[in-house]
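Trainee: mind folding the following:
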Amino acid sequence: MISFSIRARTAFTYEQLVSLENKFKTTRYLSVCERLNLALSLSLTETQVKIWFQVNFKQFFELILTVKISLSVVWF
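Mentor: Numbering: from 1, shown residues only. Okay, the predicted model is just below:
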């Protein structure tokens, strides 16, 4: 039988969220070096930063698609 360990969800601090959001506003993709530096400066792991960017990019992209669909319905 395979056993999986489930990790607790990361509770980001206000400062960490502000820094992550500001970085996301300037760039949607982080290089490995940028991700490492950001993780170290925020006392997070690289994986936590990577996953945060993946989730937020997905939400950003879904919002863009929703707006495009809404605009196409209005114009046609």
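Trainee: when you work out contacts or count neighbours from here on, use the C-alpha atoms and nothing else.
Mentor: Fine.
Trainee: show me what stretch 15-25 is in contact with.
Mentor: Stretch 15-25 is contacted from outside by 42, 49, 53, using CA atoms under 8 Å, 6 or more residues apart in numbering.
Trainee: distance of the residue nearest to residue 29 when sequence neighbours are not counted relative to residue 41?
Mentor: Distance criterion CA to CA, 6 or more residues apart in numbering; nearest residue to residue 29, sequence neighbours excluded, is residue 53 at 7.6 Å. Remark: distance between residue 53 and residue 41 (CA to CA, to the nearest Å) = 16 Å.
Trainee: coming back round to it: out of the contacts of stretch 15-25, list just those in strands.
Mentor: Among the contacts of stretch 15-25, no member falls in strands (criterion: DSSP state E).
Trainee: among those residues, which one has the most neighbours?
Mentor: Most neighbours among the contacts of stretch 15-25, by other CA atoms under 10 Å: residue 53, with 21 neighbours.
Trainee: which residues sit against stretch 54-67?
Mentor: So stretch 54-67 is in contact with residue 28, going by CA under 8 Å, 6+ apart.
Trainee: which residues are in contact with the most centrally placed residue in the chain?
Mentor: Nearest to the geometric centre of the chain sits residue 53, at 2.2 Å (CA atoms, centre = their mean). By CA under 8 Å, 6+ apart, residue 53 lies in contact with 24, 28-29.
Trainee: out of these, who's nearest residue 3?
Mentor: residue 29 (33.5 Å; CA to CA).
Trainee: look up how far residue 16 lies from that closest one.
Mentor: Taking CA to CA, one finds residue 29 at 17 Å from residue 16.
Trainee: okay, the two: which has more neighbours?
Mentor: Between residue 29 and residue 16, counted using other CA under 10 Å, residue 16 has the larger neighbour count: 18 against 14.
Trainee: and that one, what element?
Mentor: Here residue 16, judged by DSSP states H and E, is contained in helix 14-26.
Trainee: that helix: which residues count as buried?
Mentor: Within helix 14-26, the residues scored as buried using 16 or more other CA atoms under 10 Å are 16, 20, 23-24.
Trainee: would you list those residues in JSON lines and tack on pLDDT and distance to residue 66?
Mentor: Listed next are those as JSON lines, based on pLDDT from 0 to 100; distance: CA to CA, whole Å:
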{"residue": "16", "pLDDT": "96", "distance to residue 66": "28"}
{"residue": "20", "pLDDT": "95", "distance to residue 66": "24"}
{"residue": "23", "pLDDT": "95", "distance to residue 66": "23"}
{"residue": "24", "pLDDT": "92", "distance to residue 66": "20"}
